[in-house]
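1. Got a sequence here, can you model it:
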Amino acid sequence: MTNPYGGDYPPYQPGSNPYDGAYPGTSRAPYDGLSIAALVCSLTCCAAPVGIGLGVAGILRTRQGARSGRWAAVTGLVVGIVVTVAAVAFLAFAVVMGSRTVWERDAEVGQCIDIDFLDDPIKASCAEPHAGEVIWVGRFDSALADRFDDVSRAEFCAGLPGLEATYRSAIESGDYFVRVESDSLDESEPKRGDDFFCHLERRDGKKLVGRIGDDLGTEGA
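-> Residues are numbered from 1 along each chain as shown. So this is what the prediction gives:
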């Protein structure tokens, strides 16, 4: 086709028209949905591993500008790794602590215990310095639950049926602090059927070595 003003029209160059493929001022590359999904999933504990996989996929899909959203893919990958590692570490910590905790149903009379940073009783060796000793294990009935509210912890545990004379003497001596651990939702108001145990700790804060009543049981380092 001849240009009436002289010369030929220049050949058409794809992309020379500013309106080809997109409106002016908009990105030509579509946004990558996987990259956004990676970012969203990485922010949740359970879905963080999924966010890692989606983040890798998003990085591959957005390379060389094929799609927008690379920042979301990279962020989702990094955050997903951090959250996953933290979740695994917390789970491992919970398993270890759970295995060491002295639970009300599993406690045994004469069992030696320590107290962890959460103020919970944990298993300890009687041959090593330890915080206390379990003296009675049982379950609240209606009478015990009512009595628990009316007397001190020392009186409550000293009056439990079947308590060994050695432990009763230890309570009456005043040298030991008496604690009660229960699986009640509110430990100050136990209900019938709740498991519990009593244990003693030295009032002077010293550690026990051996068992209460033994030659080694009344002095601690």
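2. What's the local residue count around residue 198?
-> For residue 198, the tally of surrounding residues (other CB atoms under 10 Å) stands at 27. Backbone N, C-alpha and C define where each C-beta goes, glycine included.
3. Now it: closest residue in space that isn't a chain neighbour?
-> residue 157 (3.8 Å; CB to CB, 6 or more residues apart in numbering).
4. Now that neighbour: which helix or strand?
-> helix 153-158 (DSSP states H and E).
5. which other residues reach that helix?
-> 135, 136, 147, 148, 163, 168, 171, 172, 178, 179, 180, 198 (CB atoms under 8 Å, 6 or more residues apart in numbering).
6. Let me know how buried the third one is, in neighbour terms.
-> A count of neighbours around residue 147, defined by other CB under 10 Å, yields 15.
7. who's in contact with it?
-> Neighbours of residue 147 in contact, by CB under 8 Å, 6+ apart: 156, 159.
8. how about low-confidence regions in the protein?
-> 1-28, 215-221 (pLDDT under 70).
9. Buried only: go through the contacts of helix 153-158 for me.
-> 135, 136, 148, 163, 171, 178, 179, 180, 198 (16 or more other CB atoms under 10 Å).
10. I'd assumed the last one was in a helix, is it?
-> By that I understand residue 198. No: assessed with DSSP: H, G, I helix; E, B strand; the rest coil, residue 198 is strand; it does not lie in a helix.
11. Could you report the distance from it to residue 33?
-> From residue 198 across to residue 33, the span is 60 Å (CB to CB, to the nearest Å).
12. Output the contacting helices and strands for the longest helix seen in the chain.
-> When the chain is parsed with DSSP state H, its longest helix is helix 70-100. Contact partners of helix 70-100 among helices and strands, from 3 or more CB pairs under 8 Å, 6 or more residues apart in numbering; DSSP states H and E: helix 33-42, helix 48-61, strand 121-123.
13. neighbouring contacts of the shortest one?
-> Just to be clear, that refers to strand 121-123. So strand 121-123 is contacted by 97, 100-102, 107, 111-116, 132, 181, 199 (CB under 8 Å, 6+ apart).
14. And those, which is closest to residue 125?
-> Distance to residue 125 across the contacts of strand 121-123 (CB to CB) is lowest for residue 112, with 6.6 Å.
15. excluding its backbone neighbours, what's nearest that closest one?
-> residue 126 (4.0 Å).
16. these two touch, right, the one you found and residue 210?
-> Yes: when contacts are counted by CB atoms under 8 Å, residue 126 is listed as touching residue 210 (6.0 Å).
17. Using TSV, please lay out the contacts of strand 121-123 together with distance to residue 191, neighbour count and secondary structure.
-> Below are the contacts of strand 121-123 laid out as TSV (distance: CB to CB, whole Å; neighbours: other CB atoms under 10 Å; DSSP: H, G, I helix; E, B strand; the rest coil):
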residue	distance to residue 191	neighbour count	secondary structure
97	26	14	helix
100	27	15	helix
101	21	15	strand
102	21	20	coil
107	19	21	coil
111	24	21	coil
112	29	24	strand
113	24	27	strand
114	28	19	strand
115	25	16	strand
116	26	13	coil
132	25	24	strand
181	15	20	strand
199	21	28	strand
